[in-house]
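Colleague: this is a predicted model, with the sequence first.
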Amino acid sequence: MTSLEIVGLVAVILMSAFAIVAIAVAVPLFRLLSRANNIIGSINNKIDPLVEDLNSIVSNMNSEVSSINDITRSASSIVEQLEKVVKLARIILTSPIIKVISTTAGIFGAAKKASEKK
């Protein structure tokens, strides 16, 4: 056997050993990647309904907030109307009462002065 044949034989043996080691490493790596892919697929299948539920919950919350906003506006409008009614009642009631009291005081004052002059 010549030295060239020995070098070729050693190269073939080393390449075969490298191929066996590569296969031994690739098989567990392939299994790991396959399991990771299955886990990610499972998580993805579980996340989709959760995201849809979350979207539904957010939509419901938005409608509830809108309803609360409408209620707040209605309450504000009622308070404004009530404030106007109170102002009107104050004007209608207090102005005549003040006039009546003033007139009565004036009449009593005039009667008192008239009785003092006699």
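Modeller: That came through fine.
Colleague: what ranges does this protein have for its helices?
Modeller: 3-117 (DSSP state H).
Colleague: got any ranges where it has weak pLDDT?
Modeller: 118 (pLDDT under 70).
Colleague: ok, now with 80
Modeller: For the chain, the stretches with pLDDT under 80 are 1, 93-97, 114-118.
Colleague: quick check: I97 vs I91, distance?
Modeller: The spacing between I97 and I91, counted by C-beta to C-beta, to the nearest Å, is 11 Å. (Glycine included, C-beta is placed from N, CA and C.)
Colleague: export stretch 64-83 as CSV, just CAs?
Modeller: Output in CSV follows, covering the C-alpha atoms of stretch 64-83 (Å, rounded to 0.1, in the frame of the first residue of the first chain):
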residue,chain,number,x,y,z
GLU,A,64,-70.2,49.9,28.6
VAL,A,65,-68.0,53.0,28.8
SER,A,66,-70.0,54.6,26.0
SER,A,67,-73.2,53.8,28.0
ILE,A,68,-71.7,55.4,31.1
ASN,A,69,-70.7,58.4,29.1
ASP,A,70,-74.3,58.7,27.8
ILE,A,71,-75.6,58.4,31.4
THR,A,72,-73.2,61.1,32.6
ARG,A,73,-74.3,63.4,29.8
SER,A,74,-78.0,62.8,30.7
ALA,A,75,-77.3,63.5,34.3
SER,A,76,-75.4,66.7,33.4
SER,A,77,-78.3,67.8,31.3
ILE,A,78,-80.8,67.1,34.1
VAL,A,79,-78.7,69.0,36.6
GLU,A,80,-78.5,72.0,34.1
GLN,A,81,-82.3,71.9,33.7
LEU,A,82,-82.8,71.7,37.4
GLU,A,83,-80.4,74.6,37.9
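Colleague: residues touching I6, list them.
Modeller: Taking C-beta atoms under 8 Å, 6 or more residues apart in numbering, we find I6 in contact with no residue.
Colleague: from F18, how far out is it?
Modeller: Taking C-beta to C-beta, one finds I6 at 18 Å from F18.
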